Structure formats: structure tokens, C-alpha cells
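>>> What follows is a predicted protein model with its sequence.
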Amino acid sequence: MKPTRGVPAIAKGVASCPAQAAAYGKCVASSYKDVQKDMCQKEFLAFKQCVQQAVKKKW
């Protein structure tokens, strides 16, 4: 199966944001047994914004 155009762009965006990805991952990992909606919203939004800037696209 050939990858779509969006997948490589997202992968590049994620790779461009290691600090934000690590902060979000650390937040999720710290309380993964007691997951609640929006528990890591601040970290997620920072990661999402970084990825969007890297791929120059919003969703």
C-alpha cells in the first residue's frame, strides 16, 4: 500500500517538535491509569500548534 501525501507531512511535523511531543508524552504517561478528558490539554495544544506550523496546515 502506497502512503498518502498527508502521512509523510505529518511525520515531518511530529519530528520537528520533539520538545512538545516529549512534554505531552510525559503528561500522558504520568497519569495513564487515571485518564480524564483534557487532562493534558495544555501540552496537547502546544504540540498540535507546533505540528501545524511545521506542515503549514491547520485542522
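Received the coordinates, thanks.
>>> which residues of the chain score low on pLDDT?
1-4 (pLDDT under 70).
>>> And the strands in it?
Here the chain has no strands by DSSP state E.
>>> for it, what's the longest helix?
If you go by DSSP state H, the chain has its longest helix at helix 41-55.
>>> Can you list phi and psi of Ser16 for me?
Reported as degrees, to the nearest 10, the phi and psi values for Ser16 are phi -80, psi 0.
>>> List the contacts of the closest residue to it other than its chain neighbours.
Of all residues not flanking Ser16 in the chain, Ala54 sits nearest, at 3.9 Å (Cβ to Cβ, 6 or more residues apart in numbering). To be clear about C-beta, it is placed using only N, CA and C from the backbone, and glycine gets the same treatment. If you count contacts by Cβ atoms under 8 Å, 6 or more residues apart in numbering, Ala54 has them with Lys12, Gly13, Ser16, Cys17.
>>> Turn these into CSV, columns for distance to Phe44 and neighbour count.
Compiled in CSV, these are given as follows (distance: Cβ to Cβ, whole Å; neighbours: other Cβ atoms under 10 Å):
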residue, distance to Phe44, neighbour count
Lys12, 19, 12
Gly13, 14, 19
Ser16, 16, 14
Cys17, 12, 20
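>>> Show me which of those is closest to Cys50.
Distance ranking of the contacts of Ala54 against Cys50, using Cβ to Cβ, places Cys17 first at 3.8 Å.
>>> just checking, the closest one touches Gln52?
No. Here Cys17 does not reach Gln52: they are 9.8 Å apart, not a contact under Cβ atoms under 8 Å.
>>> what about Gln20, how many neighbours?
The number of residues packed near Gln20 is 19, by other Cβ atoms under 10 Å.
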